[in-house]
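Engineer: what follows is a predicted protein model with its sequence.
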Amino acid sequence: MIIKKCNNINDINLDEKDLKVITWGKYDAMHLGHQTIMNKMMSLRGDKRAGAVIFAPGPESYFDFPDKTRVNTLNESLEIIENIGIDYAFVVPFDENTANIGAGDYLDKVINGTGADTVAVGKDVSFGYNREGDDKYLIKFGKDKGLDIHIVSKIEIDGQIVSSNAIKNYIKDGDMIKSAKMLGRKYSIEGVVQRGKGIGHKELYATINIAFDDNKCVPKFGVYYSRALIKGKEYTAITNVGVAPTFGAVKKPVSESIILEFNEEIYGEKVLLYIDEFRRPEKKFGSAAELKQVIDEDLEAIVKYYNK
């Protein structure tokens, strides 16, 4: 996949104009609804190419919404989009240019810049100044310009519409089962293993510590059954998400994982954690011995969990 980083919406341009179908949006979760749109694009592209305009940072940053988090980091979303088979990704910051452009001018820039004659978007699409463009506007625009417009219906799971906000609420509640249903995969944390304070290694168990990206949606603080992909091999793990209050809380949330049957030093290595299910809330313990007793119970529970 070719990734084109644009300074603003005016930079969306392909010299070769070999793109057939285009979409746009935050695509901040790549959940089942997002995947449905992308798969529709793949079915429409024929022998030409498909592209996606990804707004990052998204409108939540420009308008200073209280919640600026994404289910996926930008890189995580791009990796999933590439695996689906999309050919181009235009990464565009949602800024003053995007916020103030008229709906018609917006479409002209996206269509003319890429050469696409087909559009695939979700039912809740919005674009242009004050969100004046919607699915009805897009359909009329398509008829006037001779474009092929596809509005993809929303996905429902257990009677609830799949959306990034719904998934984020589940993650914040620690309900990783329901979030996984909507994502079509387990919530994951990817990052480089960093050095912690070293207290756990000396007094308890060695852990691998991964900090959360600043805009990543963080699960409810607590201990989770999890799996770690390290150097291409998967291990079972118990992961604490939070600020490690027992040994002097850190300022930013971090994931600390005890990996079963693994005893290598991997500082600086990239690790992918899959978070399977919530076990218990994070708690400040009175002593290392008290914490160790509970961790021992966690480790016994994880063996039963993955062998059930």
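Structural biologist: Noted; the coordinates are in hand.

Engineer: next up, the contacts around Glu76.
Structural biologist: Counting by C-beta atoms under 8 Å, 6 or more residues apart in numbering, Glu76 touches 30, 188, 190. Where you see a C-beta, it was placed from the backbone N, CA and C, and this is true even at glycine.

Engineer: burial check on Pro93, number of neighbours?
Structural biologist: With neighbours defined by other C-beta atoms under 10 Å, the count for Pro93 comes to 18.

Engineer: oops, could you answer that again for Lys292 instead?
Structural biologist: Lys292 sits with 15 neighbouring residues when counted by other C-beta under 10 Å.

Engineer: what's the helix or strand for it?
Structural biologist: Per DSSP states H and E: Lys292 is located in helix 288-307.

Engineer: and that helix, C-alpha only, in PDB?
Structural biologist: Coordinates of each C-alpha in helix 288-307 appear next as PDB, following Å, rounded to 0.1, in the frame of the first residue of the first chain:
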ATOM      1  CA  ALA A 288       5.000  -6.600  48.100                       C
ATOM      2  CA  ALA A 289       4.200  -9.900  49.900                       C
ATOM      3  CA  GLU A 290       0.500  -9.100  49.700                       C
ATOM      4  CA  LEU A 291       0.700  -8.300  46.000                       C
ATOM      5  CA  LYS A 292       2.700 -11.400  45.300                       C
ATOM      6  CA  GLN A 293       0.000 -13.600  46.900                       C
ATOM      7  CA  VAL A 294      -2.600 -12.100  44.600                       C
ATOM      8  CA  ILE A 295      -0.300 -12.400  41.500                       C
ATOM      9  CA  ASP A 296       0.200 -16.100  42.400                       C
ATOM     10  CA  GLU A 297      -3.600 -16.500  42.300                       C
ATOM     11  CA  ASP A 298      -3.700 -14.600  39.000                       C
ATOM     12  CA  LEU A 299      -1.100 -17.000  37.500                       C
ATOM     13  CA  GLU A 300      -3.000 -20.100  38.700                       C
ATOM     14  CA  ALA A 301      -6.200 -18.600  37.200                       C
ATOM     15  CA  ILE A 302      -4.600 -17.900  33.800                       C
ATOM     16  CA  VAL A 303      -3.600 -21.500  33.400                       C
ATOM     17  CA  LYS A 304      -7.200 -22.600  34.000                       C
ATOM     18  CA  TYR A 305      -8.500 -19.900  31.800                       C
ATOM     19  CA  TYR A 306      -6.600 -20.900  28.700                       C
ATOM     20  CA  ASN A 307      -6.900 -24.700  29.400                       C
END
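
Engineer: in terms of secondary structure, what does it contact?
Structural biologist: helix 199-203, strand 222-230, strand 233-242, strand 254-259, strand 270-281 (3 or more C-beta pairs under 8 Å, 6 or more residues apart in numbering; DSSP states H and E).

Engineer: Gly51 - nearest residue in space that isn't next to it in sequence?
Structural biologist: Counting by C-beta to C-beta, 6 or more residues apart in numbering, Gly51 lies nearest to Tyr88, which is 3.5 Å off, once chain neighbours are set aside.

Engineer: quick check: that neighbour touching Lys48?
Structural biologist: No - in this structure Tyr88 lies outside contact range of Lys48 using C-beta atoms under 8 Å: 11.0 Å.
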